[in-house]
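*Asks:* Turn this into a structure:
(2 chains)
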Amino acid sequence: KRVSVVLFCQTGVYYGSKLELRAKPEDDEYWNSSKFSAFTFDDEDDEFTKMKESKRAVNSILVDDDDDDDDVEKVSWSGEPIGSISWSVKETASSFRSSGEQSFPKIDTAPSLPKQGSGYSLSSLFKAFTDTSTRAYAPELRKPKSECKDYMSDWSPEETVRRMRKGRAYSLERFRSLQDKLLLLDEAVSLHDGNVITAVLIYLKRSLSKEILFRELMVREVALRHYVHYLKEMGEQKLLLMQYKEHLNIKDEGRRRDFLKSCLSLPFSQDDAMHVQDHYTLLERQIIIEANDKRGEAEIFRKYPRKASILNMPLITTLYYSCFYHYGEPEGTFSSPANIRKTFRISEKQYILTALGARAKLKSWFDVDSLFNTKNWLGYTKKRSPIGFHRVVDILQKNNAPAQVLQEYVNLIDDPELRLSLAQKYKCHDIVIDTYKDLKDRQQLIVYQGKVERGSHEDRKIEELINNMQIRWKN
Amino acid sequence: MAAHLSYGRVNLNILREAARKELREFLDKCAGSKAIVWDEYLTGPFGLIAQYSLLKEHEVEKMFTLKAGRVPSADVKNIIFFVRPRLELMDIIAENVMSEDKLQPPREFHILFVPRRSLLCEQRLKEQGVLNSFTNIDEYILDLIPYDGDLLSMESESAFRECYLENDQTSLYHTAKGLMTLQALYGTIPQIFGKGECARHVANMMLRMKREFAGSQNQILPVFDTLLLLDRNVDLLTPLATQLTYEGLIDEIYGITNGYVKLPPEKFAQKKPGEGGKDLPTEPKKLQLNSAEELYAEIRDKNFNAVGAALSKKAKIISAAFEERHNAKTVGEIKQFVSQLPHMQAARNSLANHTSIAELIKDITTSEDFFENLTVEQEFMTGVDTDKVNTYIEDSIAQKDPLIKILRLVCMQSVCNNGLKQKVLDHYKREILQTYGYEHLLTLNNLEKVGLLKPQLTTRNNYPTIRKTLKLWMEDANEQNPNDISYVYSGYAPLSVRLTQLLARPGWRSIEEVLKMLPGPHFEERQQLPTGLHKKRQQGENRTTLVFFLGGVTYAEIAALRFLSQMEDGGTEYVIATTKLLNGTSWIKSLMDRPEAQIL
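*Replies:* Next comes the predicted model:
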């Protein structure tokens, strides 16, 4: 069974509800005289008047020409247009800070706030939903008493959801049977308004047993996702397979390791499980290496002091570190390159590249040499590389390898064209000459003679070759 | 500043003015002097609607950035929080309100939620015991922001992630709402076409909202003839490719945010006589990019390889214009020349800026790495060796190139091969995790979930069929004088725009088979117009189509649509709307978990 690691992620979502707040004096005379801002009972007219309003707005815009002040844009020295909002935020803020901060010494008056997540009590959240007389609106929105009668009305799921969407008073209490609740949920989902879906889910969470809710959500994918997201926002991710992701928030490496270990038992898909296992093993390994190397007693650490700790670094970085500081250790030690390579099943290519980089950095040309040595069954050593010798040359050159070393590897490049171009680039004259000879390209050889020092060893070699009548030149 | 919005086929300034009016109304609701505390994220989008001068006229005296602690003291009557409805911001606001200095005269608090208020947020404020401290809690519906004369954006970075990864469809609801507002201002759009799941949802919501207004009829003569709703996941390939238009490359390399770009300052140093020894500026150079700038409007949609020629042509015209002064003999002629000077100087500055930008870009496009990367992209798009592990990708991983670059290429290979062979996919995944860290397992999972990365389930790869039928690859793309949209990617014609083009002519019926291979349903809906509002089309009059990209659009796609609008016998002009302007990098980044941990 394949279970994804993450069902949901952190980014916030707009739980937006539409609350119709505009005063519409023409709607109802009574409300005109009331000290409360008008509250429309008549829903049908509402969007209509809004459309009329938009139209009126458009008409008024067409004649309204008092606002052309910003036709010409000024630009400040920093290139940001003067008067742009981000510019003004900077300006007004800085003008304040220069004078303000001195006159108001900082006193920490902020009471300690409950932390988001763990300390959050859901019960208090639900109170807001049940306690309809003090609904969670701004004071000006508190409804007059006469409105209470609305709660008695028997709204259909559609009507209720529509009211919720518009931010009108509503009640979910009348949806008692499971069937009614599910109808309500389906209606909310069909509207795609995350805010309403979440509100309905909160009600269901409170009024249904967890088993039933989950059973129903399993067949309602959209609602399930919203629920997962809601739980996450509320800091209830324990319920979910969000665990692995959580490790990112743990600073202390010991706790991080233990946490990862606890993740190993989660029902991940096969290959995800393998990666999580590797992640755990790597961190465990890094903690051991770090503890030993922090003291930096070995000579190599004094000669090349470490710039940073190895904790939480990627695997390849760890391998590089190990090839740099722990090369040649027996395979049995945790910090040895051989052990890391084996434990994490690092491909030969990656291993060679990383080891080459580390050993070349240290200018251990002997180690570089032995990286590519292979013995055939007759016992002869031969140079072999899984990564193409032109790349080996590149890496060596970047690490300022001496000409001799470079030449040896240029010579191993199979493709004559590539070999020629690199040999010319790094001035390996002998290789250039030999390659032209192999290609039987007399013309190029003559051209090249112009590039080497007159009377030098190379010059004489070319001279000898072009006069050699035994070679069957192609030109 | 906003004049360029009125020059297009549809006057989008009307929309901007409507938004400004609503903002003024809210500000006037909070009588007296005020200070605005900004959720920093919002300043960019708001900048497209209003400048500080508008706020100042309505007694906004100070502006601050929302921060923990205390709101800086300011001698104002009102403090207004302009915020997105996010829980973590509510905690900061609560802290702000509670640390208010009790000895000072009390200030009134207000919240303006953008773009919607939220029950969850208000509950959080109540939890914190501050909900009653607010005199006004309101919402400012900033759905569609006019971005340019033919372009609207919701500037909602996370829309794609929410819709396709988290399955939260709230942004679709906002889209539908935005389209209703648009119809209120520009008339009912008689025809709606769409492709994709999200497109279907949005169309359904629009029709439903229209039913709910039953009884009211929109009496505005329709400006748009057709609305085309396109899901981003119908065309996952296009944003992954490197854009090759001038504007597209500026975005790829430097990133355009809310119409502004920040550039390295070195090339923009003013060399004025007498200031020789001055230090080079170290602050990045910030430039606004839109069609208000004549030269930019002219060159932004060109293939970058045609920009050099256009710039030098412009340079000749400008210097010829300056030469005119020698011919001005009479006082009248001199006077006329002088009156043109400001315009000419502006043109010269604009030319200098774009020459510098073009130089910066050229340094990159001529680099070996850019070339190699592009070669691999084009191989994938033409279907070369998409079923094997690619050595360039492997080498790039070994060199620890930026992870996003790797992900873009691997995803592209997967999309062009209709999924990767399990062995190939596993290999890439292992190399990525070993080199960049195991925590990126989360990101890889996200990419799999949205379909950018997937194992090949059937051996049938339908991408070649799609490519051939829709002519997505044009061998002889003409970069200088294009005759086809494929010039925007030097050969690749963006699938999304091809679908748009084919809808206009000859209609989707001709490509039914291919449409079925692409994800999600395709559909057509009609909205009844009241009698008398049916447009009588003049002979030769172009149709106007609004193309809405759900989940984002790239500058190159916009360029391709503008190219179609300008085609002489095209017959259709396009206005473009989207949830967000994006490129492959910003898109992949929005799908990553903890992208900030990713700067290697």
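*Asks:* Just give me the longest helix of chain A.
*Replies:* Using DSSP state H to define each element, chain A has its longest helix at helix A:270-293.
*Asks:* buried residues in that one?
*Replies:* Buried residues in helix A:270-293, defined by neighbour count with 16 or more other CB atoms under 10 Å in any protein chain shown: A:272-273, A:275-286, A:289, A:293. Quick note: C-beta positions are derived from backbone N, CA and C, even for glycine.
*Asks:* What is the least confident helix or strand in chain A?
*Replies:* helix A:122-130 (a mean of 34; mean pLDDT, DSSP states H and E).
*Asks:* Give the other helices and strands that the very next helix or strand once past that one contacts.
*Replies:* Sequence-wise, the next helix or strand downstream of helix A:122-130 (DSSP states H and E) is helix A:157-165. Of the remaining helices and strands, those touching helix A:157-165 by 3 or more CB pairs under 8 Å, 6 or more residues apart in numbering or on different chains; DSSP states H and E are helix A:178-191, helix A:194-207.
*Asks:* and helix A:157-165 with helix A:178-191, angle?
*Replies:* 50 degrees (axes from the mean of the first three to the mean of the last three CA atoms, to 10 degrees).
*Asks:* Buried residues, the helix or strand hosting B:Glu25. List them.
*Replies:* Assigned by DSSP H and E, B:Glu25 belongs to helix B:13-29. If you call a residue buried by 16+ other CB under 10 Å, then helix B:13-29 has these buried ones: B:13-24, B:26-27.
*Asks:* Can you name the next helix or strand after it?
*Replies:* Next helix or strand after helix B:13-29 toward the C-terminus (DSSP H and E): strand B:34-38.
*Asks:* just to revisit the earlier point, can you name the residues in contact with the longest helix of chain A?
*Replies:* A:4-5, A:244, A:253-254, A:256-257, A:260-261, A:263-264, A:266, A:268, A:301, A:306, A:309-313, A:315, A:318, A:321-322, A:325, A:334-335, A:340, A:343-344, B:426, B:429, B:433, B:438-439, B:441, B:445 (CB atoms under 8 Å, 6 or more residues apart in numbering or on different chains).
*Asks:* go on, stretch B:372-389?
*Replies:* Applying CB under 8 Å, 6+ apart, the external contacts of stretch B:372-389 come out as B:237, B:240-242, B:390, B:392-393, B:405, B:409, B:412-413, B:416-417, B:420-421, B:424, B:427-428, B:461, B:463-464, B:467, B:472-473, B:491-492.
*Asks:* Among those residues, which are located in helices?
*Replies:* Taking DSSP H, the ones among the contacts of stretch B:372-389 that sit in helices are B:237, B:240, B:392-393, B:405, B:409, B:412-413, B:416, B:424, B:427-428, B:463-464, B:467.
*Asks:* got any ranges where chain A has weak pLDDT?
*Replies:* Applying pLDDT under 70 to chain A flags residues A:1-153, A:210-211, A:218, A:228, A:231-246, A:265-268.
*Asks:* Strands of that one, residue ranges please.
*Replies:* A:373-375, A:381-383 (DSSP state E).
*Asks:* before we move on, back to that, between the helices and strands packed on helix A:157-165, which gets nearest to chain B?
*Replies:* helix A:194-207 (3.5 Å; CB to the nearest CB).
*Asks:* what's that closest one packed up against?
*Replies:* Using 3+ CB pairs under 8 Å, 6+ apart: helix A:194-207 touches helix A:122-130, helix A:157-165, helix A:178-191, helix A:221-233, helix B:119-127, helix B:170-186.
*Asks:* what's near enough to touch residue 367?
*Replies:* I'll assume chain A. So, once contact is read as CB under 8 Å, 6+ apart, A:Asp367 ends up touching A:327, A:355, A:359.
*Asks:* near chain A, which of the buried residues of helix B:13-29 show up?
*Replies:* B:14, B:17-18, B:20-21 (CB under 8 Å from any CB of the partner chain).
*Asks:* Closest one of the residues you listed to chain A?
*Replies:* The closest of these to chain A turns out to be B:Glu17 (CB to the nearest CB; 4.2 Å).
*Asks:* What pLDDT does the model give that closest one?
*Replies:* Note on B:Glu17: pLDDT of 92.
*Asks:* and the residue of the stretch 51-200 of chain B nearest chain A?
*Replies:* Closest point on the stretch 51-200 of chain B to chain A, by CB to the nearest CB, is B:Arg116, at 2.0 Å.
*Asks:* Summarise which helices and strands the helix or strand that contains B:Glu513 is packed against.
*Replies:* Using DSSP H and E, B:Glu513 falls within helix B:512-517. With contacts taken as 3+ CB pairs under 8 Å, 6+ apart, helix B:512-517 sits against helix B:463-469.
*Asks:* Give me every residue in the stretch 251-400 of chain B lying close to chain A.
*Replies:* Counting by CB under 8 Å from any CB, the stretch 251-400 of chain B sits next to chain A at B:283, B:285-288, B:394-395, B:398, B:400.
*Asks:* out of the residues you listed, which one sits closest to chain A?
*Replies:* Taking CB to the nearest CB as the measure, chain A lies nearest B:Lys286 of these, at 4.3 Å.
*Asks:* is it fair to say the closest one lies in a helix?
*Replies:* No. Assignment of B:Lys286 by DSSP: H, G, I helix; E, B strand; the rest coil gives strand, placing it outside any helix.
*Asks:* Would you map the helices across the stretch 101-250 of chain B?
*Replies:* Ranges of helices in the stretch 101-250 of chain B, per DSSP state H, counting those that start in this stretch, are B:119-127, B:159-160, B:170-186, B:197-212, B:237-240, B:246-254.
*Asks:* any chance of these in a markdown table, plus mean pLDDT?
*Replies:* Shown next, in a markdown table, are those (pLDDT from 0 to 100):
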| stretch | mean pLDDT |
| --- | --- |
| helix B:119-127 | 89 |
| helix B:159-160 | 94 |
| helix B:170-186 | 92 |
| helix B:197-212 | 94 |
| helix B:237-240 | 98 |
| helix B:246-254 | 97 |
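*Asks:* Now do the same contact list for B:Ser156.
*Replies:* Per CB under 8 Å, 6+ apart, neighbours of B:Ser156: B:171, B:174, B:579-580.
*Asks:* show me which of those residues neighbour chain A.
*Replies:* Filtering those for proximity to chain A (criterion: CB under 8 Å from any CB) leaves B:171, B:174.
*Asks:* just the contacts of B:Ser156 now: which is nearest A:Val368?
*Replies:* B:Lys580 (49.2 Å; CB to CB).
*Asks:* picking that back up, could you find which two of the contacts of B:Ser156 are furthest from each other?
*Replies:* Farthest pair in the contacts of B:Ser156, by CB to CB: B:His174 and B:Lys580, 12.1 Å.
*Asks:* Common neighbours of these two, please.
*Replies:* Joint contacts of B:His174 and B:Lys580 (CB under 8 Å, 6+ apart) are B:154, B:156.
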